[in-house]
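Peer 1: no sequence on this one, just coordinates:
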C-alpha cells in the first residue's frame, strides 16, 4: 500500500519549512565587498602555486594500444579444452590402480555424498583428485584459448 507523505502546516512534504523570500539572496554591494576582500588572498595563492609548478615531459601515445575486444569470446576453445582434458583423464593409469583420474574423482564424490551432511576430511583423497583434475582442466582450457587465438592471428606460421 503506497501512501503519500504527510504534509505539515507549510504545505511541504514532511513538515519542512520553505525559506523566506529573499533569504538566500545577497545584495550586490555585499557581494562586491566580499570579492574585493578575497582578491589579495587569491592572488597570493595563485602566485605561490605557479612558482611550484613541476616541469615534466609528458609523452602521449597515439592510437589504440590495447584492443578493447580483448576477450574475443568464442566457445570453440572452451569445448576443445574441456574435451582435451576430460578424454585423456578417462584413460586408466597404473599409478591409480588401473583406474582413471576421472573415475577416481567421480568415485570419491560418490563416497562423500554417501555421508552427505558431513563434508570430506582434510586428509581425504577427494581433495587430491579434485584439485588435480581441476588444475589440469583449467590449464588445458587456458592453453586451448591461447593456441586458438594465436592460430587465428597467424602467430604460428601462415594462416
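Peer 2: Perfect, I can see it now. Just so it is clear, the structure is predicted and the values come from calculations on it, not from any experiment.

Peer 1: Sketch out the low-pLDDT regions of the protein for me.
Peer 2: 1-54, 60-64, 158-159 (pLDDT under 70).

Peer 1: Longest helix in the chain, by number of residues?
Peer 2: Criterion DSSP state H: the longest helix present in the chain is helix 125-153.

Peer 1: So which bits of stretch 110-120 are buried?
Peer 2: When burial is assessed from 16 or more other CB atoms under 10 Å, stretch 110-120 yields the following buried residues: residue 112. The way it works is simple: take the backbone N, C-alpha and C, and place the C-beta from them, glycine included.

Peer 1: ditto for stretch 148-157
Peer 2: Counting neighbours by 16+ other CB under 10 Å, stretch 148-157 gives residue 148 as buried.

Peer 1: hmm, who's touching it?
Peer 2: Applying CB atoms under 8 Å, 6 or more residues apart in numbering, the contact partners of stretch 148-157 are 72, 74, 76-77, 80, 147, 159.

Peer 1: Mind checking which of these are buried?
Peer 2: In these, burial by neighbour count holds for 77, 80, counting by 16+ other CB under 10 Å.

Peer 1: now, which of the contacts of stretch 148-157 lie within helices?
Peer 2: Those of these lying in helices (DSSP H): 76-77, 80, 147.

Peer 1: okay if I get those as a markdown table plus distance to residue 114?
Peer 2: Shown next, in a markdown table, are those (distance: CB to CB, whole Å):
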| residue | distance to residue 114 |
| --- | --- |
| 76 | 38 |
| 77 | 36 |
| 80 | 34 |
| 147 | 40 |
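
Peer 1: Tell me the one among these nearest to residue 132.
Peer 2: residue 80 (20.7 Å; CB to CB).

Peer 1: Could you pull up the contacting residues of the closest one?
Peer 2: Contact analysis of residue 80 by CB under 8 Å, 6+ apart lists 144, 148.
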